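# Fold the following, please.
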Amino acid sequence: MPALLKSIPNEWGPKAGADAGAATLTRTGPNDILMTAPANLALVMLSPQPNREVALDSDRRTITLAPVGSLEIVPAGSELFARWVVAKENLLVALDQQRLARLAGEEFQNDGFELQPPRIGGVDRKALRLSQMLREEFQRGEHASELCFDALITLFATHLLRNYSSLRDRPDDRHSGGLSPRAWRTVNDFIQENLSQPLSIARLAEIAGLSPSHFLRAFRRSLGQAPHQYLLGQRLALVERLVTTTDLPFADIAAASGFSSNSHMTSTMKRLRGVTPTELRRGGL
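Alright, predicted model coming up:
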C-alpha cells in the first residue's frame, strides 16, 4: 500500500501501509511539489503554515494561513501544486479509490460518490485527533502496529466520506449496539485460529458481516477495548502458553504468535507484562 504514496519522497518521513490505505508522517523544510494524485489524498497540518500556496486542478494559486489542524483533500487524478515557506510537519493519508468505494458501499449502501475538498485553511478537529493518533503510532518505530494503522486509516476514511463527499447528507441508519453473540464467536474463533497472520480491520469486519467502522464501534462497545488491543493480548497469552508448556525456540514462538521477531515479542511482553519470555521460562515470576 505505500505505493499509493509513491509521489511523496521517502526522505520526507516514514510511511506505513494497511488494507485500508496508507499514511506518511512528513517533515520537510521550505519546499514545493507538483503532482497528479495517484490516490485520494488527505493532508492534515501538524504545524502552522503561514503563506501556504496551493492550486488544485487550476492555474490559480491560493495563498493562505494553514493553521494546525487544517485539512486539504486531493481527489485521485487531480493535479496539485503546493509551496510552503517554513519547515512543516503533516500527516498524509492515501486512500485507494476501489477500497474507498467498498467502504462507502458498506457504510452508505452506495459506492458512487465524489470527494468534495474543503476550503483551504479550514480546521477539522476530528481529522486532527486522528492524525495525532497516527503520529503516535509512527513514533513507536518498529513496535508500531499494522492493525492500529489499519483501524485509524479506516476511521479517517469514514470521516471523509461522512463529511467531505456527496454522501454526507444521506440518513445514518447504522446499528448502534455491540457485536451479537454469534458475530463475536465467529470473529474470536477466526482470531484464535490465525494469530500468526496479519489480521486487518477489513477482514475481521467481513467475518462479522459488518462495515469496518460499525465493527470498530461494536467491538469496543462489547469488549471495552479496540480490536488491536484485544489481538495483542491474545498474542501475548499464546506466547505465555508456548513458553511455559513447550521447548520451542523463541523465534518460532514469535512467528506462531504473530510477532515480527523475537526482539519484538520480548520488548512487547516486557512492556505490557513486566517479564521477558526468558524470565518466564526460567520461572522468574
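
# mind listing the helices for this protein?
For the chain, the helices defined by DSSP state H occupy 97-108, 125-138, 146-163, 181-193, 201-208, 212-223, 227-245, 250-256, 262-273, 277-281.

# how about CSV for the ones you listed, with mean pLDDT added?
Listed next are these as CSV, based on pLDDT from 0 to 100:
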stretch, mean pLDDT
helix 97-108, 88
helix 125-138, 94
helix 146-163, 93
helix 181-193, 91
helix 201-208, 93
helix 212-223, 88
helix 227-245, 91
helix 250-256, 95
helix 262-273, 92
helix 277-281, 91
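
# Among the ones you listed, show me which one is buried the most.
Compared across the helices of the chain, helix 146-163 shows the largest average neighbour count, a mean of 23 (mean count of other CB atoms under 10 Å). Using the backbone N, CA and C atoms, a C-beta is placed for each residue, glycine as well.

# what inclination does that helix have with respect to helix 227-245?
170 degrees (axes from the mean of the first three to the mean of the last three CA atoms, to 10 degrees).

# what's the angle between helix 146-163 and helix 201-208?
Using the same axes, to 10 degrees: helix 146-163 against helix 201-208 is 80 degrees.

# can I get the CA coordinates of helix 146-163 in PDB?
This file holds the C-alpha atoms of helix 146-163, laid out as PDB (Å, rounded to 0.1, in the frame of the first residue of the first chain):
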ATOM      1  CA  GLU A 146      -0.200  -2.500  11.300                       C
ATOM      2  CA  LEU A 147      -3.700  -3.300  12.800                       C
ATOM      3  CA  CYS A 148      -3.700   0.100  14.600                       C
ATOM      4  CA  PHE A 149      -2.700   1.800  11.400                       C
ATOM      5  CA  ASP A 150      -5.500   0.000   9.600                       C
ATOM      6  CA  ALA A 151      -8.100   0.900  12.200                       C
ATOM      7  CA  LEU A 152      -7.100   4.600  12.300                       C
ATOM      8  CA  ILE A 153      -7.000   4.900   8.500                       C
ATOM      9  CA  THR A 154     -10.400   3.200   8.300                       C
ATOM     10  CA  LEU A 155     -11.800   5.800  10.700                       C
ATOM     11  CA  PHE A 156     -10.200   8.600   8.800                       C
ATOM     12  CA  ALA A 157     -11.700   7.300   5.500                       C
ATOM     13  CA  THR A 158     -15.100   7.100   7.100                       C
ATOM     14  CA  HIS A 159     -14.800  10.600   8.400                       C
ATOM     15  CA  LEU A 160     -14.000  11.900   4.900                       C
ATOM     16  CA  LEU A 161     -17.000  10.100   3.400                       C
ATOM     17  CA  ARG A 162     -19.400  11.400   6.100                       C
ATOM     18  CA  ASN A 163     -18.200  15.000   5.900                       C
END
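
# now it: how far from the chain's centre is it?
Relative to its chain's centre, helix 146-163 lies at 6 Å (CA atoms, centre = their mean, to the nearest Å).

# Please apply the same query to stretch 89-100.
With CA atoms, centre = their mean, you get 9 Å for stretch 89-100.

# related to what we said a few turns ago, so can I have CSV of the helices of the chain showing distance to Val54?
Listed next are the helices of the chain as CSV, based on distance: least, CB to CB, whole Å:
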stretch, distance to Val54
helix 97-108, 22
helix 125-138, 17
helix 146-163, 18
helix 181-193, 43
helix 201-208, 32
helix 212-223, 29
helix 227-245, 34
helix 250-256, 46
helix 262-273, 40
helix 277-281, 51
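
# care to break the chain down by domain?
As recorded under automatic domain parsing, the domains making up the chain are 2-163, 181-224, 229-281.

# If I follow the layout properly, Ile8 ends up in contact with Leu91?
No - the pair Ile8 and Leu91 does not pass the contact test of CB atoms under 8 Å, sitting 11.7 Å apart.
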